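> Quick check, what structure comes out for this input:
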Amino acid sequence: MTTVSGSLCCPLCQHSLSLQTPCGKSLSCDNGHSFDRARQGYYHLLPVQQKRSRDPGDDAAMVNGRQQFLDKGHYQPLSDSINALLLKHLEQPSLQILDCGCGEGYYSARLEQSLSDNAWASELIGVDISKHAVKAACRRSRTINWLVASSRQLPVAPHSQDALLSLFAPVSKTMFTQTLKPSGLLLLATTGSEHLLQLRQQIYSQVRQESHDPLAELAPEFELIEQQSVQYRFMLNDSESIMQLLGMTPHQWRADGDARQRLQQLQQLELDLDVKLHLLRTNGS
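Below is the predicted model:
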């Protein structure tokens, strides 16, 4: 049997997963656990005991809205900055890279293209708990290994990844440390104090100027290599885009009926993007 990734492992027993057939329609481990490939091209590696709900993660409508918004290019400069920062510090031509919480695959697919444009031989894994998001991600790339799985219990071998992306997601020092190789790279994206300020002003009577610094949570296992602030202004010119953006943020759960009505009536909204990129390296040996 041929190993699929060299790093995928069974979510039930943590043994290595391999292809059962040359066409790669099923994965199995030596304990007999088997996982079929969905017709869209992904593998479902989320056992029922790891689910916290019947259909976890973003639903189909949320995924569709996010995909439509990102395809309009409003966050492309951010994606370009993420790719440039990672490529600046990668040190070997053959790489294993995992996007933890990949959503509908926008950042993963653009990173894969950037690596290819620079002649880097890489194998990417995109993981998300939402099957709707992973189905959409399959349409962005047929060569990334897309997995429906839990980011708390990643179905990859310990210390198997050269780099890990965690964009706008909770910090998990234990998971990051277990997943990355010694001296592996961790790229985090967090929101700055001005991020989508104008949207928040439409929702809240008082807007808190807060930003999250994850570095204290990751010491001493990780050392900071480089930090960047990505800041620019962009314009949304229709209510559909404004509501799509709202659906991408945690503010969608906090916006009351009046706030939603205000946003739906807007036909134009100028916004600040304020994102901090943190590139770290494991201190493990």
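> where along this protein do the strands fall?
Ranges of strands in the chain, per DSSP state E, are 18-19, 26-28, 34-36, 43-44, 94-100, 121-128, 145-148, 161-167, 180-191, 222-236, 269-282.
> Asp80 is nearest to which of these?
Nearest to Asp80 among those is strand 222-236 (9.2 Å), distances taken as Cβ to Cβ. For every residue, glycine as well, the C-beta is placed using N, CA and C.
> ok, that closest one: who's next to it in the sheet?
With DSSP bridges as the test, strand 222-236 is paired with strand 269-282 (antiparallel).
> State the mean pLDDT of the partner strand.
For strand 269-282, mean pLDDT is 97.
> Low-confidence regions, the protein specifically.
Applying pLDDT under 70 to the chain picks out residues 1-6, 21-24, 49, 51-53, 55, 93, 284-285.
> Which residue comes closest to the residue most central in space within it once chain neighbours are left out?
Nearest to the mean C-alpha position of the chain, by Cα atoms, centre = their mean, lies Cys102 at 2.8 Å. Spatial nearest neighbour of Cys102, excluding adjacent residues (Cβ to Cβ, 6 or more residues apart in numbering): Gly126 at 3.5 Å.
> burial of the one you found, as a residue count?
Neighbour count for Gly126, taken as other Cβ atoms under 10 Å: 31.
> for the one 3 residues further on, same thing?
The burial metric for Ile129, expressed as a neighbour count using other Cβ under 10 Å, is 22.
> Over to Phe222?
Phe222 has 25 nearby residues by other Cβ under 10 Å.
> ok, it to Arg281 distance?
Per Cβ to Cβ, to the nearest Å, Phe222 is found 7 Å from Arg281.
> swap in Asp213?
Between Asp213 and Arg281 the computed distance is 18 Å (Cβ to Cβ).
> Have a look at the two and say which one is more surrounded.
Arg281 (18 against 10).
> show me what contacts the more buried one?
Ser183, Gly184, Leu185, Leu186, Phe222, Glu223, Ile225 (Cβ atoms under 8 Å, 6 or more residues apart in numbering).
> Identify the contacts common to Phe222 and Arg281.
Shared contacts of Phe222 and Arg281 (Cβ under 8 Å, 6+ apart): Leu186.
> Can you give me the distance of Ala137 to Ser193?
Distance from Ala137 to Ser193, by Cβ to Cβ: 31 Å.
> between those two, who's got more neighbours?
Ala137 (30 against 14).
> Correct me if wrong: that one contacts Gly101.
No: with contact defined as Cβ atoms under 8 Å, Ala137 does not count as touching Gly101 (11.4 Å).
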